[in-house]
Every structure is written in C-alpha cells, then in structure tokens.
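Visitor: Sequence plus predicted model, see below.
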Amino acid sequence: MTLSNVFTKTTRDRWKGVAIGSLTLSVLFLFGMSVYRDIDLAVYTNLPDAFRSMMNIPKDADVASLAYGAIYGSYGAMTMAGLALAMGAASIAGEERKGTLGLLLGNPRSRTEVLASKTASMVLLTGLGVLLLWAAGIVVPAMLDVSITGMHVGAMIFHLFAMSLFFGFLAMAVGAWTGSPSVASGVAAGVMFISFVAVGLLPLVEGFENAAKAFPWYYFTGSQPVNNGVDWGHIGVLFTSNALLMVVALVGVNRRDIKGQTVGVTLVDRLRGNPMTRKLADRLAGSTRVSRIWIKTASEHQGLLLVTAAVMFLFMGVMLGPMYTLINEALSGLTDQFPEALLALFGGGDMGTPEGWYQIETFGMMAPIAVMVVTVAIGAGALAGEEERRTIGLLLANPVRRSTIVLHKTVAMTLYGVAVGAATFAGVAIGSMLGGLGMDMGNIAATSLLVTLVGLVFGALALGLGAATGRIRVAVFGTVGIALVLYVLNAFLPFNDTLAGYAKWSPFYYYLSSDPLNNGMHWGHGAVLTALTVGLVLSAVVLFERRDLRQSG
Amino acid sequence: MTDRIAIRTEGLTKHYGDIHALVDLDLEIRPGEIFGFLGPNGAGKTTMIRTILDEIRPTSGSASILGMDSHEQSVEIRRFIGYVPGDLAMYPNLTGRDTITYFANLRGGVDWSWVDELADRLDADLTRKVGDLSSGNRQKVGLIQAFMNKPEVLIMDEPSSGLDPLVQREFQTMMREAAAEGRTVFLSSHTLSEVQRVAGRVGIIRHGRLIAVESVSDLRSKAIRKVDLYFDEPVEHAIFESVPGVRDVAVENHHVTLSFDGRMETLLKILTDRYHLLDITTQEADLEEIFLTYYRDEDVPA
C-alpha cells in the first residue's frame, strides 16, 4: 500500500538533516565522554538527590551515565524529536502550504496512501537517526575504554525512538487537521518544550510529583532506561499514543477540504477583517507594514515572536519565581555541597540562591535558545528566504542597494532579539518580585542584555551564511550546528585545566562567564559580542554584494 | 533622456561553469522602441535580463541602461526602470495594494490615480492577498508595479503568462502607449504572435547567442509565403522547378499550392508567359514559421 515513490522522495528530501543531526550528536557524545573520562568523578558522589533528579544524573554517577545523560538525555533527545517533528509537520501540511499536495493527489493515490508513505518515511528516518546514536553510544565507550557494563544503551535509544515519534505524529496530526505547517510544528514544539521543562521540575514540587506523568518526556526518562532497561509500560504508553495520533491524522486528512497554495492568516489579518478594528488594523497591516523593508520583515514572524516571548516571560520567568520558594526546601543548603567543576557546566549557577536557580533554569540554556530561535529564523530567512521564494528579483528592481536590504533585515532581527530579551527580563523580574526573591533588577537586565547579544551573534551568522549561499537550509543547519558545538565547548572545556582557555573562542563564554546575575553587566564581554555581530553583518554585506543571486529555490 | 541608448550590451558573456548561458551578446536598443527578445526556453533570455539588472554578474563584457553601467550604477538605473521577472513571485501574505505600496515606498512614492487606472484597465483585484490569487491575476499585480512609475525602460520577462486574451490585448495597448511616449519596452517572450503584434524589432537568441536582430517587417518580407494559384487549364509540375525560391509544390489539376520565398515578380512572369492565371491568393507566414525556419537553417554551435 505504501507508495514507493512518495516514500522514497520524502526520504530522499529528508535524510540529510537526520544524518547531520545524529552525526553531530555522535561527535558531541565522543567529546563529552572524553571530557568526563578525564575529570575526577568524586565530585558527583556528593550531589544532592533533588539536583540529580533534575539534571537527569543517576545515583552512582559514572563516566558513561553522565555522558549519556548530558548528551543524549537533553540535546540529543530534543534534536531527534525536533527532526521527527519537522518531518511530521511537513508531511501533509507542508505539501499543502506549498501547493504540491494537489499535484500529488492528482495521481491515482488515496490520501491514506500518501499519509502512510509519509509516516513510513518518518519512522524509517527517525529509526536510522537513533540507530546511529546507538552505534555511537556503543562504539565511543569502547574507543575511550570506558566501561558500560550494566548500562542499557539500547533501551534508552528505544525509549528515545518512541518519544521522538510521538512528537512527529503529534505534528502530523495537527497538520492533517489544520493544513498549516507552522501551527503543526508550533504546537508540537510547544508541547515538547513544556514537557521537557515540566518533567525536570515537577518531581521537585511537593504534591506534584506524579504530575510529570502527564507529559510525554516522562516516558523517555522517567524509568531511567539507561540504568533499568526497557520499561514496557512506558513504551506501551508512547506507542499507544503514537497509534492514536496516527489515526487522528488519518481521519483529519481524509475529512478535510485540501487547500490550494494558501496564505496563513495572522492576528492583524483577523483584525483587518473585523469592521470594529479595520481602520486601525488597515494602517498597521497595510500602509505601515509595507512602509520600510525592516518593518515588513518584522511583520513576517509575529507568531514566532509572540510564542517565544510568551514562553520566556511566563514559563521561564514569572512562574519560576514562586516555584523557587516552593522547592526552596529541597534546594537549600546545596551551596556548600556543590563541586565547583560541576557548576561551570551550568555557567556557574548556584542552586541555593535565586540567581543560581534562574541561571540554571532560564538563562543557562533556554534563554539563549529562545533568542536564537527568533534571530536565526529572521537571519536565515532574511536574504536566503527572499532568494528561495524568488521575491528578491522584484525587490531589487527598486532603487535600493543590496547592502541596504541587509541592514534593514539586521534591524528587524535586532528588534526581535531585543524583544525576547526584554520579555525574559520582564518575566524574571516579575517572578523575582512575586516570589519575594529580591534579585537585583540591574543584574537581571544585564544578563538579559548579554543573552540578547549572544543571540544576535548567531542571528548574524545565519544572515551571513544565507547571504553567502542563498540557501535557508544551509543558514539554519549551519548556524545551529556551529552554535551547538560552541555551546558544548564552552560548557565542557573549563573542566580541563589545560584546555580551559579555549572556552574564550566560544561566544557563549562572553555571556555567562562573568556571572552577570550576581555581578552585573560586563561591558567588555558585551563589547566582544557586539563586535562579533557587527563583523558578521559586515561580512554578510560583502558576501551578498558580490554574489550572483539565485533564480529559484 | 531620449538621446541615450536605452539598453546596450557589449560582448556580454555569462558562464556557469561549463555552461555558456550567454555568449558575446552585442545589442543596442533605442529609446522609444518595443524590442522583442525571442528564443525557446533555456536560450538565455532570462540570464541576459538578470545580468543587465545586476542580479548576476557577467563573466565578461558589459551592459548599460540609459548610458549607465549596469553594475556600477545599478541603483541609479533602477529609478528609471520597471521590471517584471519571469516566473513572477511576490509576497503571498500581502494584498496587491500592500505590494504596490511596498514598492512605491522603496521608490519614494507613486501616483495612485495612475495605479488605479492600470488596475482598472487590467481588471486587477488589489484587495486580495497575492497568495490567494490565480497566476494570471498575480501577473496583473506584477504588471502594475512595473508600469506604475512610468519608467523610461520596461524590462519584462515572459510578462503575458497566465493572462487571458482580453487582458493581453490591453497589456499590448499599454506597451504601445509607453513606446509612443518615447519610453522603451524590452519584451522577452517565446509567444511569437504577441511580439509580432507589438514589437518593431526582434532579436532571436539561441544557446546563449544572438543569431539575428531584424525589424519585424524585414523578417516578414524575407518570409515564406503560402501561395494558391488557379489556372484555366491543368498545369505541369515541371514548370515550377525552374523558379528559384519555390518549395513544396502540390499540383491538382487547375489548382496549385506552393511555398515561396523568392521574388514574386519572377514567379508571376514565368507563369503568365505560359498559362492564364485566373486567381492568386498569398498568405504571410507568421513569425512562428519564420522562427522555425531560422532555427532549422541556422547552424549554431551549442
């Protein structure tokens, strides 16, 4: 029943992303494990339970489980789930938005068959991706002479596979019902993000220990499969959910009117349609929106900005303040017990203080990711997007310089980064007030500013890659790959005395190494990040000015 | 501005690796003319246009528009041109009016009464989102943005695609009006009938080389005619073989059909010396046939 041609085409279109993703993770795993091998693990034996649970570090921590937990447990899982999610969102909704679904269904193939092919391709590629991770998980310890006796690598990978598919099917189902790839990936990514955070935090909150079971991520890590083997109950939950979502997708795609090539409806469009708000919205959406290149660019990613800023403000900011007071008990007195080397991994955060709490929960990983989501989205789409969508021809038929376009796009990108940084600042500031944590507002502002700057560096990198190649994929994957490597370098290098100095080569070093939440703004580091951004934007200008523009996507 | 050559290319060459997309193209287009740029798909028409607009840079040679260098002064040039790209793509989430406003803002304003008149003439709906329009209706928005600033030079790459015949006719009128006002139209097309209707001169391009530039009337006069002859008695086949330029003779008693690209005078003289010619009709071959003839006859290295 599976269409070999739809299946093979989808697989061919997607395999590279999966291969690059899992290879990068394998390399990171090699790197992480070799670092863990060389440090004194005694520091981990004193860790408090609460902290271990949150950071996914098992008791009796050894080199192998630390490496598996750090690399496969968080980035690895997010990458694999993200890849599955992207495939799920693209399967029906993606083809629909591009207007190719009609063509596909013009052939004597049913919608069910098309969906089945897409599903098969998603399952196969996700499977191959995790197999690669599994192979790395076996080969790397052997290479490094690290014992993995008693570790159930296959079990962990199997759980990862099941959970990644969950997000793939979720995106597929939402896409099948809405026909909108952005809604599909937005919903699925939101669920993934919230469940990752919830499963880390909920077990620490008294009275909510079991609430984590409501989130899919729990069925990946909850049973600690790497130590305990496959938990068939948990696997059953995941695969049952997957099957249900697949049925939902099937019903959705068969019931609905297939749209032609369509345009998303934004909030402003809705306001424009409403007689009450038409006048104002017309001005906003119409004449104002198109008055400048940067304003138009900024208007194009409203949804992404809204979601990202809201998540940072509410979940990563406001809510964490009161939560800190709730679980303060579990965290108090940790300060003395924390080994210094470990603190470096999280940017020097100290769970015993509100600053450390916010650093580990919000600023350490989530805030840079959030700022980068918007800056890289705009940076990558800025020039490469206009080229791939072939609108650059018309744009450049007007008397504007190529450099002007680059600069306008940079302005839009900067505004977006600043908006997410400001939302983070506001959220953390309000959270601190609600929880009565008494954090220094100036220091929160400084940290938010630095995270904005580090996000802009990578946005500018995406802009440059897009300017040089005209390809969105190169810009996005290139930037994400480079950022991931630099982030991990900055997190791990300080463990090794001889290599610690090299952390300065990572932009992330200039973000948290000065401990801005406690010490306030480090203007020198801010200047380094600003200079990097300016340099990257200037090279984008030069690269874009020189190049033959592409004709089609 | 009328004293300047509208578009000039000198030895314009563009290679993509081993592919010679454009080879040594020399062209001069005068102000006020409608120039048809003809060639099959993949001949290099779009490459030529994208090169003179500085979207891509020539491997060698140079181009100028209104006397300004296409690379050095590209921004200045774009104040004076209107452009319709081939395979037009616009911002799907903007309405037609938003799109026009956007480009108008980049040009420092537009005469909206003229935009409305153009929209009216082309029967374009500017209130809907471009992404929701059919390709023909989208094309109209593209045409309006090209014409809206009454540019000195209009450069259009396959502009009529998707337009219905009535709108095509109006579009042709618009091009003629522009030319009548001394503005220049550069029209790339493979729809020969369209070029034939509006263009004064045509350039024919194949495999990246310009193989001919001629006025439409010259092309026609060279062209093969289809001739029908009626006599009062049956005629011999052999007599036609001696006439230069005669081809494809079919004799059917009193009625003869043939293709002819020689001097009509010669043909008539030979025939009327021997027979009584009762009636003659001749048909102009259209550019299509001429085009095919060029392509059949010209031996152009790829």
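Guide: All right, it came through fine. Numbers count the residues shown, from 1 in each chain, chains lettered A, B, ... in the order given.
Visitor: Residue in the stretch 401-550 of chain A with the shortest distance to chain B?
Guide: At 3.9 Å from chain B, residue A:548 is the closest residue in the stretch 401-550 of chain A, using C-beta to the nearest C-beta. All C-beta atoms are positioned from the backbone trio N, CA, C, and that covers glycine.
Visitor: That residue and residue B:57 touch, don't they?
Guide: Yes. Using C-beta atoms under 8 Å, residue A:548 is in contact with residue B:57, at 6.1 Å.
Visitor: Contact partners for residue A:483?
Guide: Residue A:483 makes contact with A:372, A:458, A:461 under the criterion C-beta atoms under 8 Å, 6 or more residues apart in numbering or on different chains.
Visitor: Just the ones of those in helices?
Guide: Those of the contacts of residue A:483 mapping onto helices are A:372, A:458, A:461, per DSSP state H.
Visitor: In PyMOL, how would I select just the buried ones from those?
Guide: Per 16 or more other C-beta atoms under 10 Å in any protein chain shown, the buried members of the ones in helices among the contacts of residue A:483 correspond to this PyMOL selection:
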select buried, chain A and resi 372+458+461
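Visitor: Dump the ones in helices among the contacts of residue A:483 into JSON lines; add pLDDT and distance to chain B as well.
Guide: Below are the ones in helices among the contacts of residue A:483 laid out as JSON lines (pLDDT from 0 to 100; distance: C-beta to the nearest C-beta, whole Å):
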{"residue": "A:372", "pLDDT": "94", "distance to chain B": "24"}
{"residue": "A:458", "pLDDT": "97", "distance to chain B": "26"}
{"residue": "A:461", "pLDDT": "97", "distance to chain B": "25"}
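Visitor: Show me which of the ones in helices among the contacts of residue A:483 is closest to residue B:43.
Guide: Of all the ones in helices among the contacts of residue A:483, residue A:461 has the smallest distance to residue B:43: 39.4 Å, by C-beta to C-beta.
Visitor: What sits closest to that closest one if chain neighbours are left out?
Guide: residue A:479 (5.1 Å; C-beta to C-beta, 6 or more residues apart in numbering or on different chains).
Visitor: from memory that neighbour sits against residue A:381, does it?
Guide: No. Contact criterion C-beta under 8 Å: residue A:479 and residue A:381 do not qualify, at 11.8 Å.
Visitor: And the contacts of residue A:483, which is closest to residue B:279?
Guide: Among those, residue A:461 lies closest to residue B:279 (C-beta to C-beta), at 79.0 Å.
Visitor: Pull the contacting residues for that closest one.
Guide: Taking C-beta under 8 Å, 6+ apart, we find residue A:461 in contact with A:379, A:478-479, A:482-483, A:536.
Visitor: which ones among the residues you listed are found in strands?
Guide: Among the contacts of residue A:461, no member falls in strands (DSSP state E).
Visitor: Is it possible to mark the buried ones in those residues?
Guide: Listed as buried from the contacts of residue A:461 are A:379, A:478-479, A:483, A:536; burial here means 16+ other C-beta under 10 Å.
Visitor: would you turn the residues you listed into TSV with pLDDT?
Guide: Listed next are the buried ones among the contacts of residue A:461 as TSV, based on pLDDT from 0 to 100:
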residue	pLDDT
A:379	94
A:478	92
A:479	94
A:483	92
A:536	97
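Visitor: which helices and strands does the helix or strand where residue B:257 lies pack with?
Guide: Element membership for residue B:257, per DSSP states H and E: strand B:255-260. Here strand B:255-260 touches strand B:225-231, strand B:246-252, going by 3 or more C-beta pairs under 8 Å, 6 or more residues apart in numbering or on different chains; DSSP states H and E.
Visitor: if you compare those, which one is most tucked away?
Guide: Of all those, strand B:225-231 has the most neighbours on average by mean count of other C-beta atoms under 10 Å in any protein chain shown, namely a mean of 17.
Visitor: So which residues make contact with the next helix or strand after that strand?
Guide: Moving toward the C-terminus from strand B:225-231, the next helix or strand (DSSP H and E) is helix B:238-241. Residues from elsewhere that reach helix B:238-241 (C-beta under 8 Å, 6+ apart): B:246, B:249, B:251, B:256, B:258, B:270-271, B:274.
Visitor: if we can go back for a sec, what's the closest of the helices and strands packed on strand B:255-260 to chain A?
Guide: Across the helices and strands packed on strand B:255-260, closest to chain A is strand B:225-231 (C-beta to the nearest C-beta), at 40.2 Å.
Visitor: residues near residue A:145, how many?
Guide: 7 (other C-beta atoms under 10 Å in any protein chain shown).
Visitor: same thing with residue A:270?
Guide: Look at residue A:270: counted by other C-beta under 10 Å, it has 12 neighbours.
Visitor: hmm, back to that, list the residues that contact the residue nearest to the residue of the stretch 401-550 of chain A closest to chain B when sequence neighbours are not counted.
Guide: When the adjacent residues along the chain are set aside, residue A:548 lies closest to residue B:56, with 3.9 Å between them (C-beta to C-beta, 6+ apart). The contact partners of residue B:56, taken as C-beta under 8 Å, 6+ apart, are A:548-549, B:14, B:47, B:50.
Visitor: Could you identify the buried members of those?
Guide: Using 16+ other C-beta under 10 Å as the burial test, those include A:549, B:14, B:47, B:50 as buried.
Visitor: Where does the prediction get shaky in the stretch 201-350 of chain A?
Guide: A:259-268, A:273, A:282-286, A:327-350 (pLDDT under 70).
Visitor: could you redo the last one with a cut-off of 90?
Guide: The stretch 201-350 of chain A contains residues with pLDDT under 90 at A:201-212, A:221-228, A:252-308, A:310-312, A:314-350.
Visitor: what does the stretch 151-300 of chain B give?
Guide: Low-confidence segments of the stretch 151-300 of chain B (pLDDT under 90): B:161-162, B:189-197, B:204-207, B:211-212, B:214-227, B:232-254, B:257-277, B:282-300.
Visitor: how about a cut-off of 80?
Guide: Within the stretch 151-300 of chain B, the ranges that satisfy pLDDT under 80 run B:191-194, B:218-225, B:241-242, B:247, B:262, B:284-300.
Visitor: Helix, strand or coil: sort out the residue in it that chain A sits nearest to for me.
Guide: Residue nearest to chain A within the stretch 151-300 of chain B (C-beta to the nearest C-beta): residue B:155, separated by 8.3 Å. For residue B:155, the assignment made with DSSP: H, G, I helix; E, B strand; the rest coil gives strand.
Visitor: which stretches of the stretch 401-550 of chain A form strands?
Guide: Under the criterion DSSP state E, counting those that start in this stretch, the stretch 401-550 of chain A carries no strands.
Visitor: Which positions in it make contact with chain B?
Guide: Counting by C-beta under 8 Å from any C-beta of the partner chain, the residues of the stretch 401-550 of chain A close to chain B are A:401, A:548-549.
Visitor: what about stretch A:280-299, how long is it end to end?
Guide: End-to-end distance for stretch A:280-299, by C-alpha to C-alpha, to the nearest Å: 15 Å.
Visitor: Can you list the neighbours in contact with it?
Guide: Identification of contacts with stretch A:280-299 by C-beta under 8 Å, 6+ apart yields A:266, A:268-269, A:271-272, A:274, A:378, A:382, A:395, A:400, A:404-405, A:408-409, A:411-412, A:415-416, B:91, B:94-95, B:97-99, B:101-102, B:105-106.
Visitor: so of the residues you listed, which ones are in helices?
Guide: Among the contacts of stretch A:280-299, the members falling in helices (DSSP H) are A:268-269, A:271-272, A:378, A:382, A:395, A:404-405, A:408-409, A:411-412, A:415-416, B:97-99, B:101-102, B:105-106.
Visitor: Before I go, just wanted to say thanks for your time.
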